[in-house]
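# sequence? don't have it. structure:
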């Protein structure tokens, strides 16, 4: 199950966030911002990143990052599914 959903701009500022479970914190989102967006790793690596025992599933569209955070074992196909 997804714990948090984030929408970030190209600088890594949180535009929209929604927390569904209390097992992840905002500090985890800052870790993603520092390790992925600031390091310009997007587009060169897989869209699933494991940071601090938390899985980040992300995609970039135009200048926005859509990020799903989870601590549990979630199926990435279910996260990226469009209906």
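Yep, that arrived. None of the values given here were measured: they were computed from a predicted structure.
# Residues in contact with stretch 31-46: which ones?
The contact list for stretch 31-46 (C-beta atoms under 8 Å, 6 or more residues apart in numbering) reads 6, 8, 10-12, 49, 51-52, 54, 56, 58, 60, 65, 67, 69. Glycine gets a C-beta too; all of them are placed from N, C-alpha and C.
# ok, 7 Å please
8, 12, 49, 51, 52, 56, 60, 65, 67 (C-beta atoms under 7 Å, 6 or more residues apart in numbering).
# what is the fourth one paired to in the beta sheet?
Looking back up the chat, that one is residue 51. residue 54 (DSSP bridges).
# Just give the number of residues close to it.
14 (other C-beta atoms under 10 Å).
# returning to that earlier point: could you point out which of the contacts of stretch 31-46 is nearest to residue 74?
Nearest to residue 74 among those, counting by C-beta to C-beta, is residue 56 at 11.3 Å.
# Checking my notes, the closest one in a helix, right?
No: judged by DSSP: H, G, I helix; E, B strand; the rest coil, residue 56 forms no part of a helix; its state is strand.
# The longest helix seen in the chain: which residues count as buried?
Ranked by number of residues, the top helix in the chain under DSSP state H is helix 26-32. Buried residues in helix 26-32, defined by neighbour count with 16 or more other C-beta atoms under 10 Å: 28, 29, 31, 32.
# Confidence-wise, which helix or strand of this protein is lowest on average?
None of the helices or strands of the chain scores lower by mean pLDDT, DSSP states H and E than helix 76-80, at a mean of 74.
# And the contacts of that one?
For helix 76-80, contacts defined as C-beta under 7 Å, 6+ apart pick out 2, 48, 57, 68.
# how far away is the spatially most central residue of the chain from residue 17?
Central residue of the chain (C-alpha atoms, centre = their mean): residue 67, 2.9 Å from the mean position. Relative to residue 17, residue 67 is positioned 9 Å away (C-beta to C-beta, to the nearest Å).
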